[in-house]
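S.K.: Just the structure for this:
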Amino acid sequence: MEYEEFPTGPATDAAVAVILAAGLGKRMGASIPKVLFTLHGKPLIRWVIESARAAGIGRVVVVIGYQGELVRDAVADLNVEFVWQRERLGTGHAVLQTESLLSTRTGPVVVLNGDVPRVRPQTIGSLIEVRDSAKAAAALVTVLMEDPTGYGRIVRRPDGLVDRIVEERDADTDTRRIKEINTGTFCFQGQELFPALHQLTSDNAQGEYYLTDVVSVLCRKGLSVIACRSSDPGEAHGVNSLEQLAALEKLGQTE
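M.R.: Here you go, the predicted model:
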């Protein structure tokens, strides 16, 4: 699993990546941050940073929290910036911690998860380009899964645009039947992101500020959100347990 350089254009040159790496990872059964578990001998977060860089993104901001000093040390050679999430209040809250660095940006802001190591540079680059050409407020990567258990479901409008993302804990029976899921890879128009983040509420099953709720905030403003469907379900596979990490190791050996 190695990444080649993605041909860059004006959109990728202007992009900044925000990588979420503040998670505790209780189910991993160890005292180190989840993003420091290794896949093919490399910490998960390094795969994600290197994928962003291979897609042509020069500026990378990493959101750290639990034992953040360890995460910072593990990627200190990759020339990234860091912000702290001192309270674990959800993914939306995590991205909001970058506001002091990025609030004046009008270009694309790509949000990636530090524990989803198989997102490809080609996918990131294409996502930036598609959002830019469509003049959309946001774009996200989705995949179809026969068993979508555990993932947020994509609810589309009749015209095919995304209406909202519903996390499984908040989904009703009909919504849980949807097989198109959110991979956690987003590209936002910078000037729309932070105002939307400030409108989030924690009125949900987990009592957190979900980044996924930015989609419905943007749609209520009359802005468009598009989905870019990947043909590779592996791009959605995050690591929340040692079993999932072992499955990713095995998957890489068969490619």
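S.K.: So in terms of bridging, what pairs with the residue nearest the centre of the chain?
M.R.: Taking C-alpha atoms, centre = their mean, the centroid of the chain lies closest to Leu112, which sits 3.0 Å from it. When assigned by DSSP bridges, Leu112 has beta-bridge partners Ile19.
S.K.: now the chain, which segments are flagged as low pLDDT?
M.R.: Across the chain, the ranges flagged by pLDDT under 70 are 1-13, 25-30, 241, 251-255.
S.K.: Swap in 90 and give it another go.
M.R.: By pLDDT under 90, the low-scoring segments of the chain are 1-14, 23-34, 37, 39-41, 66, 105-106, 150, 205, 231-255.
S.K.: hmm, back to that, what sits against the residue nearest to the centre of the chain?
M.R.: Leu112 makes contact with Ala17, Val18, Ile19, Leu20, Val48, Ser51, Ala52, Val119, Ile124, Gly184, Thr185 under the criterion C-beta atoms under 8 Å, 6 or more residues apart in numbering. In this view, the C-beta of every residue, glycine as well, is placed from N, C-alpha and C.
S.K.: 7 Å instead, please
M.R.: Neighbour list for Leu112: Ala17, Ile19, Val48, Ala52, Val119, Thr185 [criterion: C-beta atoms under 7 Å, 6 or more residues apart in numbering].
S.K.: Val95 too?
M.R.: Here Val95 is in contact with Val18, Val111, Leu197, Leu211 (C-beta under 7 Å, 6+ apart).
S.K.: about what we covered before: do you know how far the residue nearest to the centre of the chain is from Ala21?
M.R.: 10 Å (C-beta to C-beta, to the nearest Å).
S.K.: Give the residues shared as contacts by those two.
M.R.: Common neighbours of Leu112 and Ala21 (C-beta under 7 Å, 6+ apart) do not exist.
S.K.: re the thing from before, now, the contacts of Leu112 that are in helices?
M.R.: When DSSP state H defines the helices, the subset of these inside them is Val48, Ala52.
S.K.: Return the member of the contacts of Leu112 nearest to Tyr151.
M.R.: Thr185 (12.7 Å; C-beta to C-beta).
S.K.: Skipping adjacent residues, who's closest to that closest one in space?
M.R.: Val141 (4.1 Å; C-beta to C-beta, 6 or more residues apart in numbering).
S.K.: Pretty sure that neighbour sits in a helix.
M.R.: No: per DSSP: H, G, I helix; E, B strand; the rest coil, Val141 lies outside any helix segment and is strand.
S.K.: tally of neighbours for it?
M.R.: The tally of other residues near Val141 (other C-beta atoms under 10 Å) stands at 25.
S.K.: and it, what is it in contact with?
M.R.: Thr123, Leu127, Thr183, Thr185, Cys228, Ser230, Glu235.
S.K.: can you give me the helices for this protein?
M.R.: 10-14, 44-54, 68-74, 91-96, 99-102, 121-134, 173-176, 190-197, 213-220, 242-253.
S.K.: Quick one, which of those gets closest to Asp147.
M.R.: Per C-beta to C-beta, nearest to Asp147 of the helices of the chain: helix 173-176, 11.1 Å.
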